[in-house]
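>>> Attaching a predicted model along with its sequence, questions to come.
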Amino acid sequence: MSAWIQRHAGTQQTQLATTAVISGAAVAGAILGYQAFRRREAVSELKSSIPAINEEHHAERLTQYGTAPSTAQLSKEDERSAALARRAQEGDYDDDLILEQLARNRVFLTDEGLAKLRSSFIIVVGCGGVGSHAAASLVRSGVSKIRLIDFDQVTLSSLNRHALATLADVGTPKVHCIRKRLEQITPWTKFDCRNELFGGSVAEDLLAPWAFDDGDKGQKPDYVLDCIDNITSKVELLHYCHVHSIPVISSMGAGCKSDPTRVTVGDISVSTDDRLSRSTRRRLKALGVNGGIPVVFSTERPGPGKATLLPLAEDEYSKGEVGELSVLPEFRARILPVLGTMPALFGYVVANHVICDISGYPRDYNVSGKGREKLYDNVFMAVQGFVERLVRHDVGHQVIGLRIPLSKDDAGFLVDEIWRGKSAISGLTGRLMLVPWERPAGGFVPDALWEKEGQKFLPIKLKDLVCVTKEEAPYHEREVLLGGKKPEEVYDPKVIEKVKQRQKEVELYENYV
């Protein structure tokens, strides 16, 4: 090997190659040196152009998340509004003026309901498109103590869905943007702004009782609104609230959704067609939480021509770990398509739920569940089979071709609209079916007149059917439908009164169909 090197070291080709390499290195070094010199000059020039910090040129250090600090300068108008708010929050504001501003809510919720809402303490975690609309609605409706939690700042792209941000707010913390605007609407509202990232390690502090040194100090939160779009923080928040029995409602994904008629409220255990809800549900289940958390979600499914989250390009993967592409660990690395109206709708549905729950206003809306159509089918088939068995008992033989004047839609109407998805007897919500409430005077016998014409049906009306669980149905059949007892002899007077009230609702409905 050494002989080969010595033999070729003195050749002309080797000398030329060596010269080329050395020349190339010298040129590259010169270029890199010149570029470094230009960068230093540019940095020096940029620094020299920055004015000194003084009264005319104000500056603050950025937060650990790279956002503007919470002490951003206010305009003269905002300063006047802030001064009025400070006075109002200290009690220097006529209560009659507050009641006048809340007059429509006062009539709707009653004085007692509005008083509960005004004395409540609400925490909103996540102050973006959903959270800003929810917070605005709560404050406008009378909530006077609210804690806002969000680490992020207003960006130019967030203006398509944020309830309160303006161009002037771009670069400022979302929590202070919301406070500044809402204080101009309800100056008496007290805001506790936390420009922080929510996580399990700080949950105890961020969800702690009201901390201001006033008459309400130590008040526990009446409700927590989960408006987070980060899966890890969302799970940690919901798990903490569930374990510590803090009422919470969660907003699921509004991204890639466009149908406002498909937005609904239901338990997280039955939420469908939503990836964020599915992932949240699975992680909570791993932590031992199987349900008991109301969520707002959309049942809209993706389809041709609809917005969707496209797969991440292959060249993005080649840059390194996908997680490194996000701003913060565990945050999404891609821009989610969002129609600006949908986060607002989710926010208002969340706020509506909380307002009604706190004030004690009846919430009779349908609590949508997984496979609702399948539920209606099951209920319809169950009542058909149940009635056939009753007819067979009274007639003494199987009646082939027996029909009842009930459709699948009727079954759904009775279960959801009349009985609110609950048993008339126990109030339980699972394994429901419809059964006749009383035994007919003539027994369970097909209509004789129409049977002569070859049509076999049991003349039963919608108001005759009540909702019970499958475990309660055999007892009701044994004691009332076949045992000869009246419902009044078997059930509590409150149950009897409830059934009578719901039967009147059905009669009212049947007058219009």
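All right, it came through fine.
>>> And the strands in the stretch 401-513 of the chain, which stretches?
Along the stretch 401-513 of the chain, counting by DSSP state E, counting those that start in this stretch, strands occupy 432-436, 465-469.
>>> among those, which is nearest Leu276?
Ranking these by distance to Leu276, with Cβ to Cβ as the measure, places strand 432-436 first at 28.5 Å. Placement of C-beta: from N, CA and C, glycine included.
>>> Could you list the residues in contact with the closest one?
Residues from elsewhere that reach strand 432-436 (Cβ atoms under 8 Å, 6 or more residues apart in numbering): 375, 379, 382-383, 386-387, 390, 411, 414-415, 419, 421-423, 444, 460, 464-470, 473, 476-477, 481.
>>> Heading C-terminal from the one helix or strand in the chain whose mean pLDDT sits lowest, find the next helix or strand.
Taking mean pLDDT, DSSP states H and E as the measure, the chain has helix 314-317 as its least confident helix or strand, at a mean of 47. Heading C-terminal from helix 314-317, the first helix or strand you meet, by DSSP states H and E, is helix 341-359.
>>> And that next one, what's buried?
342-359 (16 or more other Cβ atoms under 10 Å).
>>> quick one: contacts for the most centrally placed residue in the chain?
When Cα atoms, centre = their mean is applied to the chain, the residue found nearest the centroid is Ser251 (1.1 Å). When contacts are counted by Cβ under 8 Å, 6+ apart, Ser251 is found next to 130, 134, 225-227, 295-296, 346-347, 350.
>>> Among these, which lie within helices?
130, 134, 346-347, 350 (DSSP state H).
>>> From the residues you listed, pick the one nearest Gly401.
Phe346 (48.7 Å).
>>> Ends of stretch 90-104, what's the gap?
25 Å (Cα to Cα, to the nearest Å).
>>> before we move on, the earlier item: take the strands of the stretch 401-513 of the chain and lay them out in a markdown table including distance to Val338.
Output for the strands of the stretch 401-513 of the chain, formatted as a markdown table (distance: least, Cβ to Cβ, whole Å):
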| stretch | distance to Val338 |
| --- | --- |
| strand 432-436 | 37 |
| strand 465-469 | 39 |
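>>> Adding mean pLDDT and distance to Arg118 as columns, could you present the ones you listed in TSV?
Output for the strands of the stretch 401-513 of the chain, formatted as TSV (pLDDT from 0 to 100; distance: least, Cβ to Cβ, whole Å):
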stretch	mean pLDDT	distance to Arg118
strand 432-436	93	38
strand 465-469	94	37
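>>> closest one to Leu99 among those strands?
Of all the strands of the stretch 401-513 of the chain, strand 465-469 sits nearest to Leu99, with 40.8 Å by Cβ to Cβ.
>>> Show me how to select, in PyMOL, the buried members of the contacts of strand 432-436.
Remark: buried members of those, expressed as a PyMOL selection using 16+ other Cβ under 10 Å:
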select buried, resi 375+379+382+383+386+387+390+411+414+415+419+421+422+423+444+460+465+466+467+468+469+473+476+477+481
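>>> taking the contacts of strand 432-436 one by one, which sit in helices?
Those of these lying in helices (DSSP H): 375, 379, 382-383, 386-387, 390, 411, 473, 476.
>>> Just the buried residues of the contacts of Ser251.
Buried members of those, counted by 16+ other Cβ under 10 Å: 130, 134, 225-227, 295-296, 346-347, 350.
>>> Now stretch 259-267: average pLDDT?
Throughout stretch 259-267, pLDDT has a mean value of 87.
>>> Please tell me I have it right and Leu284 contacts Lys234.
No - counting by Cβ atoms under 8 Å, Leu284 does not reach Lys234; the two are 9.4 Å apart.
>>> Just want to know which of the two has more residues nearby.
Lys234 (25 against 21; other Cβ atoms under 10 Å).
>>> Would you mind giving the secondary structure of that one?
Classification of Lys234 using DSSP: H, G, I helix; E, B strand; the rest coil returns helix.
>>> Test my guess that it contacts Ser277.
No - using Cβ under 8 Å, Lys234 is not in contact with Ser277, being 10.0 Å away.
>>> how about the nearest residue to Phe151, chain neighbours excluded?
Leu197 (3.8 Å; Cβ to Cβ, 6 or more residues apart in numbering).
>>> distance of the one you found from Val175?
12 Å (Cβ to Cβ, to the nearest Å).
>>> neighbour count winner among those two?
A direct count of neighbours by other Cβ under 10 Å for Leu197 and Val175 places Val175 higher, at 27 against 18.
>>> Show the model's pLDDT score for that one.
The model's pLDDT for Val175 equals 96.
>>> Wait, a helix at it?
Yes - checked against three-state DSSP, Val175 lies within a helix.
>>> what residues are up against it?
70, 127, 148-150, 193-195.
>>> Ranking by neighbours, what's the top pick from these?
Greatest neighbour count in these, by other Cβ under 10 Å, goes to Cys127: 32 neighbours.
>>> Enumerate every residue touching that residue.
Shown in contact with Cys127 (Cβ under 8 Å, 6+ apart): 135, 148-150, 152, 174-175, 177-178, 227.
>>> What strand or helix carries the closest residue to Ser359 other than its chain neighbours?
With Cβ to Cβ, 6+ apart as the criterion, Ser359 has its nearest non-adjacent residue at 3.4 Å, and that residue is Gly113. In this structure, Gly113 sits in helix 103-118 according to DSSP H and E.
>>> got the angle between that helix and helix 341-359?
Using axes from the mean of the first three to the mean of the last three Cα atoms, to 10 degrees, one finds that helix 103-118 and helix 341-359 are set 70 degrees apart in direction.
>>> State the next helix or strand along the chain beyond helix 103-118.
Using DSSP H and E, the helix or strand that follows helix 103-118 in sequence is strand 121-125.
>>> Check which strands are paired with that next one and give the direction for each one.
Paired neighbours of strand 121-125 in the sheet (DSSP bridges): strand 145-149 (parallel), strand 223-226 (parallel).
>>> Mean pLDDT and distance to Ala163 for those - can I get that in a markdown table?
Shown next, in a markdown table, are the strands paired with strand 121-125 (pLDDT from 0 to 100; distance: least, Cβ to Cβ, whole Å):
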| stretch | mean pLDDT | distance to Ala163 |
| --- | --- | --- |
| strand 145-149 | 97 | 12 |
| strand 223-226 | 98 | 14 |
